[in-house]
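Undergrad: test case, fold it:
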Amino acid sequence: MNLRTSYLGMKLRTPLVPSASPLSDSLDNIKRMEDAGAAALVLHSLFEEHISQESHRLHYHLTHGTESFAESLTYFPELNDLAVGPETYLNEIAAAKEAVAIPIVASLNGSTLGGWIDYAKQIEQAGADALELNIYWIPTDPELSGVEVERKYVEILSQVKSEVGLPVAVKLSPFFSSFANMAKALVQAGANGLVLFNRFYQPDIDPEGLHVSPNILLSTPMAMRLPLRWIAILRGWIKADLAATSGIHRATDVIKMLMAGADVTMLCSILLRCGIDHIRVIEREVEQWMEAHEYDSVEELKGSMSQKNCPDPGAFERAQYIRGLSTSWRTMRDS
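TA: Got it, this is the predicted structure:
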């Protein structure tokens, strides 16, 4: 069975790609993912914000009280001599490239335009095969317009593309007033691929401790509906690769995403739940499904049920809203 696909100019053995997660913190896990059948790998993200916080914290501890004891100024090392930058992440890229044969996609989450550009250049020099811009930003300023928000996304991408030669994908949220237009603008600005979608953590409130706590929940298969819709709509309209992420747990989820038009399907929550070796299970079940339904290759599947190719294009739009409600109600009533 021919499961080959391409993504960001890379020829991949299958469309199964582990997405950025804590699993890739370990070189041993990276090797295990390759052994289990991962076609490529997205490393965990490099967070500029985390580096800045660590730098400020270290500077505080190195200088606290030195104004009172002049002799202590020569006791501590210079801040520039200590590893508070992205060195660890860059070393992980180099080590992964040496240890495995599959492509390594770096993930970058910047907080300043200069940071996006500088770290992207360093990631390229470290040997990454491609770069995923993980734009995790929730605008909360009521004076900030939607046009300004969209302009910032495009500016980040444009500036990074002007400085690096790597293929670049943008991982973004669906929270735009006209997502199709936003996708088109990013592709025109140079995006080689779009990763749909970023899952923002939703905070929770502890009513006893009276504090807001982060609450990151693993996805369920239901989460795939949103990227499924937009991949199906965008397939054929934009000239960029499409990566599906969020809610992909089973072989049938992979099949659906490919039919919608995804070039690769990214796995995270299912690997955290069931372990890295579950990649093998999904690959085997994809092959079995394709054989049972007489598909010879992933290319035959890809985009076969996109909006452009679907017998009922309105199924991806509001036209199906009332029908969907009535169908769901009948199913619940009859059960």
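Undergrad: please make it C-alpha for all contacts and neighbour counts, starting now.
TA: OK.
Undergrad: convert the C-alpha atoms of stretch 296-316 to CSV, please.
TA: Only the C-alpha atoms of stretch 296-316 are listed here, as CSV (Å, rounded to 0.1, in the frame of the first residue of the first chain):
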residue,chain,number,x,y,z
ASP,A,296,-4.0,2.0,-3.8
SER,A,297,-2.4,5.3,-2.5
VAL,A,298,-2.8,8.2,-0.2
GLU,A,299,-2.8,10.5,-3.3
GLU,A,300,-6.1,8.8,-4.4
LEU,A,301,-7.6,9.7,-1.0
LYS,A,302,-6.3,13.2,-0.7
GLY,A,303,-8.9,15.9,-1.3
SER,A,304,-11.5,13.4,-2.7
MET,A,305,-14.1,14.8,-0.3
SER,A,306,-12.9,18.5,-0.3
GLN,A,307,-15.5,21.1,-0.9
LYS,A,308,-14.5,21.4,-4.5
ASN,A,309,-14.8,17.6,-5.1
CYS,A,310,-17.7,16.8,-2.7
PRO,A,311,-21.0,15.9,-4.4
ASP,A,312,-22.7,18.4,-2.0
PRO,A,313,-20.4,21.4,-1.5
GLY,A,314,-23.0,23.1,0.8
ALA,A,315,-22.3,20.4,3.3
PHE,A,316,-19.4,22.4,4.6
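Undergrad: list the buried residues of it.
TA: Judged by neighbour count (16 or more other C-alpha atoms under 10 Å), stretch 296-316 contains these buried residues: 297-299, 301-308, 310, 313, 316.
Undergrad: what comes into contact with stretch 238-247?
TA: Outside stretch 238-247, the residues within contact range by C-alpha atoms under 8 Å, 6 or more residues apart in numbering are 7-8, 19, 183-184, 187, 191-199, 219-224, 227-228, 231, 235, 253, 257, 261-269.
Undergrad: meant to ask about stretch 176-195, not that
TA: 7-8, 146, 150, 153-154, 157-158, 161, 167-172, 234, 238-245.
Undergrad: hang on, the earlier thing: now list the buried members of the contacts of stretch 238-247.
TA: 7-8, 19, 183-184, 187, 191-199, 219, 223-224, 227-228, 231, 235, 253, 257, 261-269.
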